[in-house]
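Colleague: Take a look and give me a structure for this.
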Amino acid sequence: MSDAALSKTPLHAEHVALGARMVPFAGWSMPVQYAGVVKEHHAVRTAAGLFDVSHMGELRLRGPSALAVVDSVVTNDIAALKVGRAKYTVAVNEAGGILDDLIVYRLADEDVLVVCNASNVGKMSAHFAQHATGRCDFEDQSPATALIALQGPRALAVARDAGAPDAILALPRFAIGTAALAGVEVTFARTGYTGEDGFELFCANEGATTLWRHLLAAGAAHGIAPTGLGARDTLRLEAALSLYGNDIDETTNPFEAGLGWVVKLDRGDFVGREALRAIHAAGPARRLVGLEMTERGIARHGYPIVSASGAPIGVVTSGSPGPTIDKNVALGYVPTEHAAPGTTLGVEIRGKIVGAAVVKTPFYARQ
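Modeller: Below you'll find the predicted structure:
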């Protein structure tokens, strides 16, 4: 797809001006790196990084039954979600396959924001719109909404120096609040996709450039770095956070993907509940596991996973070097009998079997 055919976020010109290398991603022109993936990765782990994630989708449901509609579409217990808080969840199809993983924000009693993955905006917008018909108002706000992620151990200090009020700085994990920053109305969410602390900031497209520049300026003294998709991927992999289209999709279910904790089978009905009941009762035949390479080699998406005897048993879904942990790591599905930590396996890399071991995840957890 030519660059002219790709969608561009409101911050596209900022990335180009900063010298970012732009690549196609889910139909968007996105920055993969600025100063370099490893440098940006370390900046997020030690200081702060600023990400443009405006390609993500924002779906808004409002009016009577809005909360009930969302509750009927996702697996987690959204009816119990308090105003001003958020939950991670998945939506599944009738067979229990994962349509998308989502964060649901309850903005008011009957005002719910659902954030979905960029590659799934069309699918999930249609899915929620169908279930909202005749029950509540639905609006896909993705085209008008910018999303900027501020992540890292210095993220709060950056937000403070940028003028975020104490009430925002005091938000607990998975809480939300609103405030003006540099004259821009911002919804702050204490969420992220890096394994670090920080915020995700929603604003109207018109305010995105002002907000981006303001945060970079406020973060200069704290070592902030504009950060691209390359480091976003290595950061989330170290934290063992699933990537839709790689680690989870409609052929995988939450229990085998290690996401059973977001499935609440003992509540009201939701799409796919009966299928998930049956899957849970039978137990998953395979599991998504963490792999640490014990010999030199990098496991990449699509590489075969083999047993200790050399028999093919699975496939790598994500893999890369882990800059923080200084190890080559991967995620992949293997039969349940091969999923215990400590199990010796191998990964076929360019025709050669390279040693690997199943390890507990996450590979990295902040202190």
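
Colleague: Okay, now the unreliable bits of the protein?
Modeller: 1-2 (pLDDT under 70).

Colleague: Quick check: can you list the domain ranges of it?
Modeller: For the chain, automatic domain parsing gives the domain ranges 1-284, 285-367.

Colleague: Pick the most deeply packed of those domains.
Modeller: domain 1-284 (a mean of 19; mean count of other Cβ atoms under 10 Å). C-beta: built from backbone N, CA, C; applies to glycine.

Colleague: All the helices of this structure, in order from the start?
Modeller: 12-17, 37-46, 66-73, 121-132, 155-161, 166-169, 208-219, 229-238, 273-282 (DSSP state H).

Colleague: Quick check on residue 283: phi, psi?
Modeller: The phi/psi pair for residue 283 (degrees, to the nearest 10) reads phi 80, psi 140.

Colleague: Would you quantify the distance from it to residue 361?
Modeller: 20 Å (Cβ to Cβ, to the nearest Å).

Colleague: now residue 322
Modeller: Distance from residue 322 to residue 361, by Cβ to Cβ: 11 Å.

Colleague: repeat for residue 137
Modeller: 40 Å.

Colleague: Could you do residue 191 as well?
Modeller: For residue 191, the distance to residue 361 - Cβ to Cβ - is 19 Å.

Colleague: before we move on, what about residue 154?
Modeller: Counting by Cβ to Cβ, the gap from residue 154 to residue 361 is 26 Å.

Colleague: And residue 166, by the same measure?
Modeller: 35 Å.

Colleague: Where do the strands of the stretch 151-300 of the chain begin and end?
Modeller: With strands called from DSSP state E, counting those that start in this stretch, the stretch 151-300 of the chain shows them at 176-181, 184-189, 198-204, 224-226, 286-293.

Colleague: Quick one: closest of those to residue 127.
Modeller: With Cβ to Cβ as the criterion, residue 127 lies closest to strand 198-204 of the strands of the stretch 151-300 of the chain, at 21.2 Å.

Colleague: For the closest one, name the packing helices and strands.
Modeller: When contacts are defined as 3 or more Cβ pairs under 8 Å, 6 or more residues apart in numbering; DSSP states H and E, strand 198-204 packs onto strand 145-151, helix 155-161, strand 184-189.

Colleague: any idea how far that strand is from the chain center?
Modeller: Its chain's C-alpha centre and that of strand 198-204 lie 14 Å apart, by Cα atoms, centre = their mean, to the nearest Å.

Colleague: Next, work out how far apart residue 133 and residue 127 are.
Modeller: With Cβ to Cβ as the criterion, residue 133 and residue 127 are 11 Å apart.

Colleague: same question but for residue 260, I mixed them up
Modeller: For residue 260, the distance to residue 127 - Cβ to Cβ - is 22 Å.

Colleague: want to throw the helices and strands packed on strand 198-204 into JSON lines with distance to residue 102?
Modeller: Compiled in JSON lines, the helices and strands packed on strand 198-204 are given as follows (distance: least, Cβ to Cβ, whole Å):
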{"stretch": "strand 145-151", "distance to residue 102": "14"}
{"stretch": "helix 155-161", "distance to residue 102": "23"}
{"stretch": "strand 184-189", "distance to residue 102": "13"}
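
Colleague: wait, which of the ones you listed is closest to residue 304?
Modeller: Nearest to residue 304, of the helices and strands packed on strand 198-204 and by Cβ to Cβ, is strand 145-151 at 33.4 Å.

Colleague: what's next to the closest one, contact-wise?
Modeller: 9-11, 44, 48-54, 56, 58, 115, 158-159, 192-194, 196-205, 207-208, 211-212, 215, 219, 227, 235 (Cβ atoms under 8 Å, 6 or more residues apart in numbering).

Colleague: separation between the nearest residue to residue 89 once chain neighbours are set aside and residue 62?
Modeller: Closest residue in space to residue 89, ignoring its immediate chain neighbours: residue 76 at 3.6 Å, by Cβ to Cβ, 6 or more residues apart in numbering. Distance from residue 76 to residue 62, counting by Cβ to Cβ: 20 Å.
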